[in-house]
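**Student:** Give me a model of this one.
(one chain, ligands or ions: 2)
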Amino acid sequence: MTVLPIAPRIVVLGAGAWGTAMALSLARNGRTVTLWAHMPELARDINTAHENTQFLPGFRLPENIVVTGDDTAIAHADLLFSVIPSEFLRPTIARLRSQMHSEQILVSATKGVENNTFLRMTQVIASSVAEVGLTLPIGALSGPSFAKEVAEGQPTAVTVAFDDRAVAALVQREASSESMRLYTSSDVIGVELGGALKNVIAIAAGVAAGIGLGYNSTAGLITRGIAEITRLAVACGGRRETLAGLSGTGDLVLTCTGSLSRNRTVGMELGKGRKLPDVLASLGGHVAEGVLTTRAALGLARQHRVEMPIAEQMELILEQGKDPREALRDLMMRPGKHEH
Ligand SMILES: NC(=O)C1=CN([C@@H]2O[C@H](COP(=O)(O)OP(=O)(O)OC[C@H]3O[C@@H](n4cnc5c(N)ncnc54)[C@H](O)[C@@H]3O)[C@@H](O)[C@H]2O)C=CC1
Ligand SMILES: O=C(CO)COP(=O)(O)O
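**Tutor:** Ligands and ions are numbered 1, 2, ... in the order given. Below you'll find the predicted structure:
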């Protein structure tokens, strides 16, 4: 049976906006939280400023958040939160896995699908640690949660999923606070795919806004977006009701309508006619996971013979520079369909 000590030692892997906001949220319960940055210089800068000026400016880190670039800090953790962007996850886990052990619990908060393998983030971590003979409980945390609002302490609700519901309940107990409400789930596949795939639709919603379209188009994209996300997630073994929850509809509504979304911003700039490399360069080191996830989602969709018309048009815009207006027109002019 997996247990956590009364005062578990918590390490957050990844000092980007979300890793830093998660550390702030976890530290509100009075625990000491270690925030690990992949570059010692980043850790040093954050420690000197008591603030993550690059990725989450404007929030002073309290004394009970310790920032480090030292890999050996991971060995002392009971509970690990992995918040590494998807494209760096595999090499980062390969680097850190000698510090990990089977008594730890790992929660993945990354939203993405690995390119080429089409693996979910918990699968990437499990396969990497398996290479050194390690198994540990690995689950996923996802839901509508802009880092800035979490850092501000605004009430936020997310879902944490583990195959073993008892482990999800342990994480729920540790990470819940007055401003962070966690629901448990045993549907890791649904929770992970909901979080990853909504980014693709958020780009589409941004494209529509960038072109100058209004509320009708956004509502249509959200609703048809959740239809294609659900089709794929269910084909992959997720549960339909999970996608109607926080990590599906909840996060989709947030990122398709919220101006804080990086993915929506990327879409909006493309809709206005800017080129992708230029848009990505202006994100200041932040990631927009949907750009890479679009291709991986379509790879998974082809494997499972699932139709994803919105994602297909996004791929054409992102990879072939298709005119966004033409892409939206092609979506509208598809053969007529029955709704369900
Ligand atoms: N920002 C947000 O509001 C939320 C983000 N997420 C997810 O969290 C994950 C991380 O995103 P953010 O924390 O927002 O990151 P970010 O976009 O703020 O920062 C990028 C991160 O990548 C790291 N990085 C850059 N090069 C690296 C390398 N070679 N190896 C390892 N790490 C490297 C940077 O140090 C930094 O931590 C993503 O999957 C994102 O979708 C999930 C919920 C909310
Ligand atoms: O996932 C998020 C909020 O839940 C953040 O979305 P962006 O990565 O588009 O900013």
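**Student:** could you point out which element follows whichever helix or strand Met22 is part of?
**Tutor:** Met22 belongs to helix 17-27 when elements are defined using DSSP states H and E. Elements were assigned by DSSP H and E; along the chain past helix 17-27, the next helix or strand is strand 33-36.
**Student:** So is the helix holding Met22 next to ligand 2?
**Tutor:** No: judged by C-beta under 6 Å from any ligand atom, helix 17-27 makes no contact with ligand 2; its nearest approach is 7.4 Å. Glycine gets a C-beta too; all of them are placed from N, C-alpha and C.
**Student:** do the same with stretch 207-218
**Tutor:** No: between stretch 207-218 and ligand 2, judged by C-beta under 6 Å from any ligand atom, nothing touches; the nearest distance is 13.3 Å.
**Student:** That stretch: how far from the chain's middle?
**Tutor:** On the basis of C-alpha atoms, centre = their mean, to the nearest Å, stretch 207-218 sits 24 Å off its chain's mean C-alpha point.
**Student:** picking up where we left off before, pLDDT on the helix holding Met22, on average?
**Tutor:** Across helix 17-27, the average pLDDT comes to 98.
**Student:** what about it, distance to the chain center?
**Tutor:** Worked out by C-alpha atoms, centre = their mean, helix 17-27 lies 14 Å from the chain centre.
**Student:** other SSEs contacting it?
**Tutor:** If you count contacts as 3 or more C-beta pairs under 8 Å, 6 or more residues apart in numbering; DSSP states H and E, helix 17-27 packs onto strand 10-13, strand 33-36, strand 56-60, strand 65-68, strand 79-82, helix 147-151, helix 165-175.
**Student:** Would you mind writing the CA trace of that helix as CSV?
**Tutor:** Once non-C-alpha atoms are left out, helix 17-27 reads as follows in CSV (Å, rounded to 0.1, in the frame of the first residue of the first chain):
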residue,chain,number,x,y,z
ALA,A,17,5.1,29.6,-14.8
TRP,A,18,3.0,26.5,-13.8
GLY,A,19,5.8,24.8,-11.7
THR,A,20,6.3,28.1,-9.8
ALA,A,21,2.5,28.6,-9.3
MET,A,22,2.1,25.0,-8.1
ALA,A,23,4.9,25.5,-5.6
LEU,A,24,3.2,28.7,-4.4
SER,A,25,-0.1,26.8,-4.0
LEU,A,26,1.5,23.8,-2.2
ALA,A,27,3.4,26.1,0.1
